[in-house]
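Engineer: missing the sequence, but the structure's below:
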């Protein structure tokens, strides 16, 4: 009996004990998890505090894409090109009309195939203290011209036959054939000859003579440059997500951003007192391209109908937040070879329907086209709007979006009916030959729509061989007018640049090509 | 015998890694798109493209490229990135610590949340506590990282101001991405802890442990949880493998310079050697985690050791 009662008692005690234990367990688990989390947190807070360094206050620039290659002989992407302009100086630059102007050197044309460049006597030495001489210029261009080095800039310089350096500050370029626009190709940053010879890793440790010197690259997403005039550090921080970039700007973790923000984010930031939004004209040309050997899109009436069916003003106003200018040609009106007399296609859905009717397309026999674009969310949204606008005039579009590599491969291979893309950083009018001449069909160029037109070919050839600038301009203007009637592209707009900085940042001015050159004058107000 | 088993596992793992490496090589070359085009953009002349293609060895026949690649792989030479020109091993060694750091921190967050929640839900089955805990788990599984991340940034960085918005600067910057990843993982793990604990909670050995007079806490922790751990460990191993493979969305949101983001960028740029190297590293990390899980299994459950020995 005793043992039974003891057992019962224990059982009873065990039951009560179980609930007490469960309560205790709840407390234990909650407190342990809280304790664990707090320990975790405090450990990080302490470590974070310890690692914070407030002695230097770099000005931080948020980028969507980090510069991938700091060697101007190989860099081709926009981010690298813009940053390299800060680190290296080049012989020639461009004014606001994209005319070549002296940068590190001024020049004279001694004969149709002989240019002499004189280095600026007040030029800065390289960041390692060595003076920049004509030999450095020669070594840089010789390296690029050597086919063994496979520089992507080589073919634009193939017109150079040879170079000589009469003295340390003069360099002569002899060309294989006359070229009035030759100085416009000398835009590669100059590197020290001695370091070129020793195969210095410029891509990761750049040494130029530009206004900014390389300081450090802690990882792929951060690059620190120091301004030579006042030792002010600038940090370029890669923040791929636009929303996070916006939040970093508001939190003060970065001081400025340029472009790559959705219009609604720009609008949101424009209402915030902590930041200032600046807009400036840009030269990035957005267009719709057609396959001109496709049974449907080779018909001019259909291409014209597409051009009249697109309400550019509405898209610019509502989708781009007003940050674009309607385009009528590949070169903007303010380009020296641009054609300001060309009006953009006007929005006229009725005319579009009439043009379609001329091509035998009626509401009971609608037309179906495939519109190819990249997988970029902004481009997909644009494609959706265009699809809607085209549907209103009787053109049904199937949208196909692919990742950039696949999309670009398809475009090059001619696997499309219509697509949209943009041309970035166009300065010289030789782009017309590359894009519209019949000898430029891929893989020989970028005539992806297979546009074959004798008149266009003739105008391009005449413009290229013209021996006076005014004559070149006239020919290129005629060409642009002609292309607008033939519509191998439907010009859409030139994208504006948007620069957003915190209130205390001043001195930045937007460049037409979106470069960062004005960082030389940027200051943080105290 | 156990060492013999491990050796066989390692050899099998190596064969898998080799298979993955070859498969990735073939697949990345089958995908449309040319790295030279992606690198050089639109305004570059055809002669430049050909010169670059030659310099990169991309003009060689595919079988030759494969042989070169496999040959280099045996020397652990991943080559150079065709995009940045830097040695791939250097880039991976820069990124790998960030990935391991984030993966480990997320695992800690997940375990700290999941174990107490799972145990509580099992002990208080069909009560409000259970519903609350599993509701949280459901929420954690349902909320996508691309939403959770910005919300945590908004609260933790903009409103409260305790943490940096993004980047990898100091340990504080690890908290928000680790919580983003960890809470999602905790949701899955806590459900698993609950269900496995419920399976063992009324087993004979648990009753025996109670009958011995052990406290309930000790019974749960020493006997219940240990026996319930095996499937949870499997799950954690798989999750850790996924994390080491790169949490692409979280890495993108928090600008966390990890392997996942590197892989996606390399695929977009058709940087073939980089894609091959990162996938190789990812498959290697999966296999290492799996082997470690097996070892942990044997340590936790003596029956496995006995089976292997016999």
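Structural biologist: Perfect, thanks for sending it. As the structure is a computational prediction, the values presented were derived from the model and not from experiment. Residues are numbered from 1 along each chain as shown, chains lettered A, B, ... in the order given.

Engineer: low pLDDT regions in the stretch 1-150 of chain B?
Structural biologist: B:1-2, B:33, B:38-46 (pLDDT under 70).

Engineer: count of neighbours near the residue in the stretch 151-300 of chain A that chain B sits nearest to?
Structural biologist: Nearest residue of the stretch 151-300 of chain A to chain B, counting by CB to the nearest CB: residue A:155, 3.6 Å away. From N, CA and C alone the C-beta is placed, and that goes for glycine too. Residues lying near residue A:155 (other CB atoms under 10 Å in any protein chain shown) number 18.

Engineer: that one touches residue A:445, doesn't it?
Structural biologist: No: Residue A:155 lies out of contact with residue A:445 (CB atoms under 8 Å); the separation is 11.2 Å.

Engineer: show the pLDDT at the residue of the stretch 351-500 of chain A found nearest chain B.
Structural biologist: Nearest to chain B in the stretch 351-500 of chain A, going by CB to the nearest CB, is residue A:405, at a distance of 2.8 Å. Listed pLDDT for residue A:405 reads 78.

Engineer: swap in residue A:227?
Structural biologist: pLDDT, read off for residue A:227, is 96.

Engineer: now do the same contact list for it.
Structural biologist: A:211-212, A:233-234, A:519-520 (CB atoms under 8 Å, 6 or more residues apart in numbering or on different chains).

Engineer: helix or strand right after the longest helix along chain B?
Structural biologist: Ranked by residue count, the top helix of chain B under DSSP state H comes out as helix B:88-123. On the C-terminal side of helix B:88-123, the closest following helix or strand by DSSP states H and E is helix B:128-142.

Engineer: how about the closest residue to residue B:56 other than its chain neighbours, secondary structure?
Structural biologist: The spatial neighbour of residue B:56 that comes closest, neighbours along the chain excluded (CB to CB, 6 or more residues apart in numbering or on different chains), is residue B:82 at 5.2 Å. Following DSSP: H, G, I helix; E, B strand; the rest coil, we place residue B:82 in the coil state.

Engineer: what do you get for the one 3 residues further on?
Structural biologist: Each residue gets one of three states, and residue B:85 gets coil by three-state DSSP.

Engineer: for it, give me its contacts.
Structural biologist: A:69, A:71, A:74, A:203.

Engineer: doesn't residue A:248 fall inside a helix?
Structural biologist: Yes: according to three-state DSSP, the state of residue A:248 is that of a helix.

Engineer: from residue B:262, how far out is it?
Structural biologist: 21 Å (CB to CB, to the nearest Å).

Engineer: of those two, which one has the most company?
Structural biologist: residue B:262 (29 against 26).

Engineer: dump the contacts of residue A:227 to a markdown table, plus distance to chain B, pLDDT and secondary structure.
Structural biologist: Shown next, in a markdown table, are the contacts of residue A:227 (distance: CB to the nearest CB, whole Å; pLDDT from 0 to 100; DSSP: H, G, I helix; E, B strand; the rest coil):
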| residue | distance to chain B | pLDDT | secondary structure |
| --- | --- | --- | --- |
| A:211 | 24 | 97 | coil |
| A:212 | 20 | 97 | strand |
| A:233 | 15 | 96 | strand |
| A:234 | 16 | 96 | strand |
| A:519 | 21 | 96 | helix |
| A:520 | 26 | 96 | helix |
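
Engineer: show me what contacts the residue lying closest to residue A:115 once chain neighbours are set aside?
Structural biologist: Excluding the flanking residues, the one nearest residue A:115 by CB to CB, 6+ apart is residue A:173, at 4.6 Å. Counting by CB under 8 Å, 6+ apart, residue A:173 touches A:114-117, A:160, A:163, A:182, A:186.

Engineer: most neighbours among those, please name it.
Structural biologist: residue A:186 leads the contacts of residue A:173 on contacts (other CB under 10 Å) with 26 neighbours.

Engineer: hmm, that residue is touching residue A:92, no?
Structural biologist: Yes: between residue A:186 and residue A:92 there is a contact under CB under 8 Å: 4.6 Å.

Engineer: pLDDT value on residue A:49, please?
Structural biologist: Reported pLDDT for residue A:49: 38.

Engineer: my error: substitute residue A:486 in the last question.
Structural biologist: Per-residue pLDDT puts residue A:486 at 95.

Engineer: to what extent is it buried, counted in neighbours?
Structural biologist: Neighbourhood size, residue A:486 [other CB under 10 Å]: 16.

Engineer: roughly how far apart are it and residue A:243?
Structural biologist: 42 Å.

Engineer: in which helix or strand would I find residue A:237?
Structural biologist: Following DSSP H and E, one finds residue A:237 within strand A:233-238.

Engineer: if we can go back for a sec, which parts of the longest helix of chain B are buried?
Structural biologist: B:88, B:91-92, B:94-96, B:98-103, B:105-107, B:109-123 (16 or more other CB atoms under 10 Å in any protein chain shown).

Engineer: report all helices and strands that it contacts.
Structural biologist: helix A:2-51, strand A:212-219, helix B:128-142, helix B:172-201, helix B:225-244, helix B:259-269, helix B:272-300 (3 or more CB pairs under 8 Å, 6 or more residues apart in numbering or on different chains; DSSP states H and E).

Engineer: and the angle from it to helix B:225-244?
Structural biologist: 150 degrees (axes from the mean of the first three to the mean of the last three CA atoms, to 10 degrees).

Engineer: off-centre distance for helix B:88-123?
Structural biologist: 8 Å (CA atoms, centre = their mean, to the nearest Å).

Engineer: kindly report the same for stretch B:133-142.
Structural biologist: 21 Å.

Engineer: again with stretch B:258-277
Structural biologist: 16 Å.

Engineer: report the central residue of the chain.
Structural biologist: Assuming you mean chain A. Central residue of chain A (CA atoms, centre = their mean): residue A:78, 4.5 Å from the mean position.

Engineer: actually chain B
Structural biologist: Note: chain B centre (CA atoms, centre = their mean) maps to residue B:243, 2.1 Å.

Engineer: so who does that residue touch?
Structural biologist: Residue B:243 touches B:99, B:102-103, B:106-107, B:181, B:185, counting by CB under 8 Å, 6+ apart.

Engineer: which two from those end up farthest apart in space?
Structural biologist: With distances taken as CB to CB, the most widely separated pair in the contacts of residue B:243 is B:99 and B:185, at 15.1 Å.

Engineer: spell out which parts of the stretch 51-200 of chain A neighbour chain B.
Structural biologist: Residues of the stretch 51-200 of chain A lying close to chain B (CB under 8 Å from any CB of the partner chain) are A:51-52, A:68-69, A:71, A:74, A:76-77, A:147-156, A:158.

Engineer: can you select the buried ones among these for me in ChimeraX?
Structural biologist: Buried subset of these, written as a ChimeraX selection, criterion 16+ other CB under 10 Å:
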select /A:68,69,71,74,76,77,150,151,152,153,154,155,156
